[in-house]
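# Show me how the following folds:
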Amino acid sequence: MARNGIQFQKGLSLPEFQRLYGAEEQCEAALEKARWPDGFRCPRCNGQQHGLVYGRRLKRFQCRSCGHQATVIAGTIMQATKLPLTTWFLAFYLIGQAKTGISSLELSRHLGVNYDTAWLLHNKILRAMSEREEACVLRGKIQLDDAYLGGERPGGKAGRGSENKIPIVAALSLNEAGHPIHAKIMPVLGFSSEAIENWAAQNLAPGSAVLSDGLACFRAVTTAGCRHQAIVTGGKHPNDLPQFRWINTLLGNLKTSLSGTFHAFGFDKYARRYLGGFCFRFNRRFAMAEMTDRIADAVCRCMPCTERDLRVAEFYG
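Numbering: from 1, shown residues only. Alright, predicted model coming up:
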């Protein structure tokens, strides 16, 4: 039996990672390339002419037009960090290479930092990854499905009314050969026509051909200019529904990943961030060797935020 080329790709080995990002100067250079691929641009006046100021942990770029000074992490989600850049890059590597994700507790052990520091680092990186994914719009042939995430809490409500269960919509675009390309999995307010209409307007390109089960609310994708075909599944086993093979596989992998990696997880607060991280890795699975650089690029594009911001429940609109 032939091996799957995507699963057995070379990727980036740990020794190779250490060779590329084992020193602060290497990490700083990688961030500089990610943030300013065409050369320095002043965050204040967009000027290019600059000088360099040394003497601190990170070199400072001083704009010759307005005199503003900036480091490579200023204005990003890494701003004011006290951690070495090598620690950040090791986190990029571990989060990006873990197919099923990595918990903050396990990350703390690998990085040699306490749990609170690892949680903050982890969630800042996931926020950057999820924000990058939110800009993605699916087009072409698309499989669509609904699901719930989370389990019942002791003493809480049972079934779908559980406080820790949230509704999610999963969508998967396919190429002409019928193979999966890009995924989007996001929480929604509920399975209503209005919620699906809003979701489709933001995440599906007009003209896309959407295939879903018979859930009535999915007809609302037509308001976003998409064609819709519904197949009533009638409670059949997923193995008996080849039309939904890939979306069922995606949701199965997601649930296995979450249940096997995160043993205590507030789905009602942080689902968007963790789902975005899952999709970020899935959508870039064709080039695992580039994953660390891709995450560094996303981090450089993400605005600063505080721990308080990260711990506030996310809005599912």
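
# host element of the residue most central in space within the chain?
Closest residue to the average C-alpha location of the chain: G277 at 2.6 Å, with CA atoms, centre = their mean. Assigned by DSSP states H and E, G277 belongs to helix 267-283.

# Quick one: classify I168 as helix, strand or coil.
strand (DSSP: H, G, I helix; E, B strand; the rest coil).

# Same question for the one 5 residues further on.
Remark: S173 carries the secondary structure label strand [criterion: three-state DSSP].

# In this model H182 seems to touch it, though I could be wrong.
Yes. Between S173 and H182 there is a contact under CB atoms under 8 Å: 4.8 Å. No exception for glycine: its C-beta is placed from N, CA and C like everyone else's.

# Could you tell me which residues touch both of these two?
Common neighbours of S173 and H182 (criterion: CB atoms under 8 Å, 6 or more residues apart in numbering): L138.

# In the chain, mark out all the strands, start to finish.
50-53, 60-63, 69-70, 141-149, 166-174, 180-187, 209-212, 227-230 (DSSP state E).

# and of those, who's closest to R127?
Nearest to R127, of all the strands of the chain, is strand 180-187, at 14.5 Å by CB to CB.

# Rounded mean pLDDT for the closest one, please.
Computed over strand 180-187, the mean pLDDT rounds to 96.

# List the contacts of that strand.
By CB under 8 Å, 6+ apart, the list of residues contacting strand 180-187 from outside reads 133, 136, 138, 149, 166-175, 199, 203, 246, 250, 254, 271-272, 275-276, 278-279, 282-283, 314, 316.

# What is the burial count for D268?
The tally of other residues near D268 (other CB atoms under 10 Å) stands at 17.

# What distance do you get for it to P167?
D268 sits 11 Å away from P167, going by CB to CB, to the nearest Å.

# Distance-wise, check the closest residue to S193 other than its chain neighbours relative to A195.
Closest residue in space to S193, ignoring its immediate chain neighbours: A220 at 4.3 Å, by CB to CB, 6 or more residues apart in numbering. Distance, A220 to A195, by CB to CB: 8 Å.

# just the helices in the stretch 1-150 of the chain please.
Assigned by DSSP state H, counting those that start in this stretch, the helices in the stretch 1-150 of the chain fall at 14-21, 24-35, 85-97, 104-111, 115-134.

# got a pLDDT number for the closest residue to A30 other than its chain neighbours?
The spatially closest residue to A30, leaving aside those adjacent along the chain, is A296, at 5.9 Å (CB to CB, 6+ apart). The score at A296 is 98. That number is its pLDDT.

# Could I get the contacting residues of the residue nearest to the centre of the chain?
With CB under 8 Å, 6+ apart, G277 has these contacts: I95, G101, I125, L126, M129, S130.

# go on, Y148?
Residues in contact with Y148 (CB under 8 Å, 6+ apart) are R160, K165, I166, P167, I168.

# any chance of these in TSV, plus pLDDT?
TSV is the format used below for the contacts of Y148 (pLDDT from 0 to 100):
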residue	pLDDT
R160	58
K165	83
I166	89
P167	94
I168	96
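
# Now do stretch 96-106: everything it contacts.
Residues contacting stretch 96-106 (CB under 8 Å, 6+ apart): 11-12, 94-95, 115, 118-119, 122-123, 256-258, 260-263, 274, 277-278, 281, 288, 291-292, 294-295.

# one more time with 6 Å, if that's ok
Here stretch 96-106 makes contact (CB atoms under 6 Å, 6 or more residues apart in numbering) with 94-95, 115, 118-119, 122, 257, 260-262, 291-292, 295.

# Looking at the residues you listed, spot the one nearest N46.
For those, the residue nearest N46 by CB to CB is I295; the value is 25.8 Å.

# what about that closest one, neighbour count?
Neighbours of I295 under the rule other CB under 10 Å: 27.

# Verify the stated contact: it with F92.
Yes. Between I295 and F92 there is a contact under CB atoms under 6 Å: 4.3 Å.

# ok, back up a step: so the residue nearest to S193 touches E197, yeah?
Yes. Using CB under 6 Å, A220 is in contact with E197, at 4.1 Å.

# In the stretch 51-200 of the chain, where is pLDDT below threshold?
151-164 (pLDDT under 70).

# Check S257 and give its pLDDT.
Looking at S257, its pLDDT reads 91.

# tally of neighbours for it?
17.

# Quick check: it vs K99, distance?
8 Å.

# Could you report the neighbour count for the residue nearest to S193?
If we define neighbours as other CB under 10 Å, then A220 has 20 of them.

# now swap in the one 4 residues further on and tell me
Here the number of neighbours of A224 (other CB under 10 Å) works out to 21.

# Let me see the contact set for it.
A200, A201, L204.

# Out of the residues you listed, which end up buried?
Buried residues within the contacts of A224, counting neighbours by 16 or more other CB atoms under 10 Å: A200, L204.

# ok, so of the contacts of A224, who is nearest R109?
Among those, and counting by CB to CB, the member closest to R109 is L204, at 40.4 Å.

# For the closest one, give the beta-bridge partners.
As for beta bridges, L204 partners with L138 under DSSP bridges.
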